[in-house]
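> Turn this into a model:
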Amino acid sequence: MTFLPMKRQTFLTVFSLISLIFQSFFGYSQQVTLTGSAIGAEGKSIRLSTWDDMVTFTEEKVAESVIDTMGNFAMTFDLPATSYIAIAIDLHRAGMYMQPGQTYKLKLAPINYTDNLEVNPFILSQNLEIELINPGYNELNIWINTFNDKYNQFLLDNFNALYLERKKNYLDTFRIQVNDSYRGIDQPYFQDYMRYKTAGLEQIAHAQSAYNLAKTYFIDQPILYNNVEYMQFFNNYFTKYLNASSDILRKIDLNPIIKGASPYPKLMKTIAADSVLRNEDLRELVLLKGLFELFYSSPELQDPIIEIFNAISQESPREMNQVIASNMKAKVTKLRQGTPAPAFTLVGRKKDQTHSLKDFQGKPVVINFWTTFCQGCLAEMELEVSLYEKYKDQVEFISICTDRYWIKMNYFSLIKPEYAWTLLHYSDNIDLLVNYEVRAYPLYVVIDKYGNIVQSPAPTPSEGLEKEIEKLIH
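Sure thing, here's the model as predicted:
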């Protein structure tokens, strides 16, 4: 994120997707008003979202509006706390900090939103550039970006001195300089942001022992769920803490407890042996992070870990940890066998008619995502013709075209009448691609007659899709 020189009270801010992290937490909401322009994006939706938590980074929509024919947009929404908000048009993104009760005016630099190049939209996406108009002197984005510039330059100039030579005095000098530069800034969020970002330098330089670092920044300190740099430091410090980085806990075999009866309270009691985790709020959050890591590294523990997430989401006295546990459960079970397939409503061969996934319940469903320019897709769909003819009375076949324009799918359907099954168009429904994790084409998904995932991704016709169909109907 870079600020260019201020000129006549207009501050140009270039926000990068690379550093896009943000937060929200429970509290009293106040309205935020956002207006601006996005020339070239007329008629498109502009969406705002935040991360529901900064352990799973689950996105939550904040607001959405349609950009008018003059390229202008306006929206008002509730915001409970200072948050880093993602701004997206299609899959083009940027971000900025927003605070409750504030009004922001933006100008998005023009890009080619209607490029006819037909590629995966995830690959085609660009970072947006935003001009923040009349930000005012005490604008949080200004303070954070100027501090980040100082921090990045210091780290670039002194990384070897910190990491290899452990020159703690360099770090002390930097801390004094930035504290002097930002003395008197009335932005509590910013002060915490600076403190915990600088803590990351202490970790790099090994300026304190691991325990003393925890004592300074975690033990008997409030958990700042909403602060980007607190959570960044938390995630770094407690990575693999349960089974590797804690001298105490790595000697304890937690697997029997995870697999046993009443694992949630027993795990909380067991990991209290580590004095860093004497605070129950912190202990539970570290437990959640550790279980989230173990889920992906220990397949034999996945089912009991899901049950622990469920228990914490319902029984924890800490509301934010309930949210994180619920998000973890949703994350690890997404597109998992037996979970509900993401719903959709899309246009078909006739543009005035829509079809929903629920319309096809009662039969197993085979979905494939494809494009008219993907040779691999077309080869698989040629093989799908015989599968359709053989199983059309027992299975619903749906092909969702992700070409930019519906007319291309429609024309293609006219010249390929043998593709007689249901053809749908995604119609710029980015959420659909995200929900089904469509990153490459073709992608096949098999759904049972109740609307639950059987397999995703599923084999293509050339890889044995017919065997999966046979399992479903017999």
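> Now Val385: which helix or strand?
Element membership for Val385, per DSSP states H and E: helix 375-391.
> to the chain's geometric centre, what's the distance from that helix?
34 Å (Cα atoms, centre = their mean, to the nearest Å).
> Domains of the protein: list them as residue ranges, please.
2-136, 138-237, 246-333, 345-473 (automatic domain parsing).
> List the buried residues of the helix holding Val385.
Neighbour-count burial for helix 375-391 flags Cys377, Leu378, Glu380, Met381, Glu384, Val385, Leu387, Tyr388, Tyr391 (criterion: 16 or more other Cβ atoms under 10 Å). Every C-beta, even on glycine, is put in place using the N, C-alpha and C of the backbone.
> For burial, what's the neighbour tally of Gln126?
16 (other Cβ atoms under 10 Å).
> contacting residues around it?
His92, Ile111 (Cβ atoms under 8 Å, 6 or more residues apart in numbering).
> roughly how far apart are it and Gln187?
31 Å (Cβ to Cβ, to the nearest Å).
> And Tyr230, by the same measure?
15 Å.
> first vs last residue of stretch 393-408, how far apart are they?
28 Å (Cα to Cα, to the nearest Å).
> And it, how far out from the chain middle?
For stretch 393-408, the distance to the chain centre is 27 Å (Cα atoms, centre = their mean).
> what comes up buried for the one helix or strand Asn235 maps to?
Using DSSP H and E, the element containing Asn235 is helix 228-237. By neighbour count with 16+ other Cβ under 10 Å, helix 228-237 contains the buried residues Val228, Glu229, Tyr230, Met231, Gln232, Phe233, Phe234, Tyr237.
> Switch these over to a markdown table; also include pLDDT and distance to Tyr217.
Shown next, in a markdown table, are the buried residues of helix 228-237 (pLDDT from 0 to 100; distance: Cβ to Cβ, whole Å):
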| residue | pLDDT | distance to Tyr217 |
| --- | --- | --- |
| Val228 | 95 | 15 |
| Glu229 | 97 | 11 |
| Tyr230 | 97 | 8 |
| Met231 | 97 | 12 |
| Gln232 | 96 | 12 |
| Phe233 | 97 | 7 |
| Phe234 | 97 | 9 |
| Tyr237 | 96 | 8 |
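> which stretches of the stretch 251-400 of the chain form helices?
255-259, 263-270, 280-297, 302-315, 319-333, 375-391 (DSSP state H, counting those that start in this stretch).
> With distance to Thr402 and mean pLDDT as new columns, can those helices be given to me in TSV?
Formatted as TSV, the helices of the stretch 251-400 of the chain follow (distance: least, Cβ to Cβ, whole Å; pLDDT from 0 to 100):
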stretch	distance to Thr402	mean pLDDT
helix 255-259	40	97
helix 263-270	42	98
helix 280-297	28	96
helix 302-315	31	97
helix 319-333	24	96
helix 375-391	10	96
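> right, so of those, which gets closest to Pro442?
helix 375-391 (4.3 Å; Cβ to Cβ).
> Format the CA atom coordinates belonging to the closest one as CSV.
Only the C-alpha atoms of helix 375-391 are listed here, as CSV (Å, rounded to 0.1, in the frame of the first residue of the first chain):
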residue,chain,number,x,y,z
GLN,A,375,-10.4,-27.7,-25.6
GLY,A,376,-10.2,-30.1,-22.7
CYS,A,377,-13.7,-29.1,-21.7
LEU,A,378,-15.1,-29.8,-25.2
ALA,A,379,-13.3,-33.2,-25.4
GLU,A,380,-14.9,-34.3,-22.1
MET,A,381,-18.3,-33.0,-23.1
GLU,A,382,-18.1,-35.2,-26.3
LEU,A,383,-17.6,-38.2,-24.0
GLU,A,384,-20.5,-36.9,-21.8
VAL,A,385,-22.9,-37.3,-24.7
SER,A,386,-22.9,-41.1,-24.3
LEU,A,387,-23.2,-40.9,-20.6
TYR,A,388,-26.2,-38.6,-20.9
GLU,A,389,-27.9,-40.9,-23.3
LYS,A,390,-27.3,-43.9,-21.0
TYR,A,391,-28.3,-42.3,-17.7
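> who touches that helix?
366, 368, 370-372, 397, 399, 418-421, 441-442, 444, 460-462, 465-466, 469, 473.
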